[in-house]
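Chemist: Structure for this input, please:
(chains A, B and C)
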Amino acid sequence: MPGKPNATTPAERRRLILAAVRAIAAGEVAGYGEVARRAGLPGCARLVARVLSAGDEPGLPWHRVLRSDGRVAFPAGSEGFDEQVQRLRAEGVQVEAGRVRGQRAAPTLDELLWAPPEVPIPPHRR
DNA sequence: ACTCTGACCAGCC
DNA sequence: GGGCTGGCCAGAG
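Modeler: Numbering: from 1, shown residues only, chains lettered A, B, ... in the order given. Down below sits the predicted model:
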């Protein structure tokens, strides 16, 4: 077939990104760039952001996607910010001033690859 | 076809 | 720790 070795169409990329986001386990967080990497689309962090901003897919754990700094991607005080923080806390993620503590948003996944099925969440920790 | 914008990232100072 | 710059992809005007 005339050359289409990879996902060159936006719809295909979008599907891959959605799958990668769904693959994030509860209590885990991932950066936009990391999600793009898992989707097989390195460098497409902005595309991930765009897909999430569409908000079409119901049940998508979009709140588990953070910036590479571990910060919430919404401006502090906005609705999206507030909701994302609450959702993360509901899953046991410790959020402090819009920033996730205890986990790395974008660690070196050189060997980590796909995340473990479940992560032990300490009940309370400081 | 061009320009601007966006739930971004990595590098450098 | 913070701020600037360039690069990135896709959609809207």
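
Chemist: what does chain A have sitting close to DNA strand C?
Modeler: Taking Cβ under 7 Å from any atom of the strand, the part of chain A that reaches DNA strand C is made up of A:Pro10, A:Arg13, A:Gly43, A:Cys44, A:Ala45, A:Arg46, A:Leu47, A:Arg50. In this view, the C-beta of every residue, glycine as well, is placed from N, C-alpha and C.

Chemist: Please pick the buried ones from those.
Modeler: The neighbour count (16 or more other Cβ atoms under 10 Å) marks A:Arg13, A:Cys44, A:Ala45, A:Leu47 as buried among the residues of chain A next to DNA strand C.

Chemist: Let me know the helix or strand that A:Phe74 is in.
Modeler: Assessed by DSSP states H and E, A:Phe74 sits outside every helix and strand.

Chemist: For chain A, which segments count as helices?
Modeler: A:10-22, A:32-38, A:45-54, A:79-90 (DSSP state H).

Chemist: before we move on, back to that, looking at the buried ones among the residues of chain A next to DNA strand C, which is nearest A:Arg71?
Modeler: Within those, the smallest distance to A:Arg71 is 13.9 Å, found for A:Ala45 (Cβ to Cβ).

Chemist: Now for that closest one: which residues touch it?
Modeler: Applying Cβ atoms under 8 Å, 6 or more residues apart in numbering, one finds that A:Ala45 lies in contact with A:Gly31, A:Tyr32, A:Gly33, A:Val35, A:Ala36, A:Ser68.

Chemist: Which strand residues bridge the residue nearest the centre of chain A?
Modeler: Nearest to the geometric centre of chain A sits A:Val65, at 2.5 Å (Cα atoms, centre = their mean). Each beta-bridge partner of A:Val65 is listed here, defined by DSSP bridges: A:Ala30.

Chemist: Isn't it up against A:Ala23?
Modeler: No - in this structure, A:Val65 is not within contact of A:Ala23 by Cβ atoms under 8 Å, at 11.4 Å.
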